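# sequence first, then the predicted structure, then my questions.
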Amino acid sequence: MDEVKFQQWSQIREHGLLFYFIRRVLLYCIIGALVFIVLNLITKLYSFKQILNQIEIMSIAITFAQLLRWFINEKSYKAYQSSFHKN
């Protein structure tokens, strides 16, 4: 983690995990759902039930990915912070 990412993550983590998590998950899920719906309107490949199932699976995957991203960024942040304080 470099200084710029350290500063950005400092600001993000001030709001907390819940704010980050809800904001990111909702953003990516809404964008993904809209893309799925628009593509299906164009191609007509899937039924409405299949689209809902795909959106649900995508939402679960995004949820886990964002949670994993939080913990990876926290680990990098703390490692950079500890190395910064040692010097």
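Sure thing, it's come through.
# any low-confidence regions in this structure?
85-87 (pLDDT under 70).
# again, only using 80
When residues are selected by pLDDT under 80, those of the chain lie in 1, 84-87.
# which helix in it runs the most residues?
The single longest helix within the chain, with elements called by DSSP state H, is helix 48-86.
# from the contact counts, what lies against that one?
Secondary-structure packing of helix 48-86 (3 or more CB pairs under 8 Å, 6 or more residues apart in numbering; DSSP states H and E): helix 3-15, helix 17-43. All C-beta atoms are positioned from the backbone trio N, CA, C, and that covers glycine.
# contacts only, for the spatially most central residue of the chain.
Centroid-nearest residue in the chain, with CA atoms, centre = their mean: Gln66, separated by 3.5 Å. Counting by CB atoms under 8 Å, 6 or more residues apart in numbering, Gln66 touches Tyr20, Phe21, Arg24, Val25, Tyr28.
# for Cys29, see how far away the closest residue to the third one other than its chain neighbours is.
Take Arg24 and drop its neighbours on the chain: the residue closest to it by CB to CB, 6 or more residues apart in numbering is Gln66, 4.7 Å away. Shown here: Gln66 relative to Cys29, a distance of 10 Å by CB to CB, to the nearest Å.
# wait, isn't Tyr20 in contact with Arg69?
No. The criterion here is CB atoms under 8 Å, and Tyr20 misses it with Arg69 at 9.1 Å.
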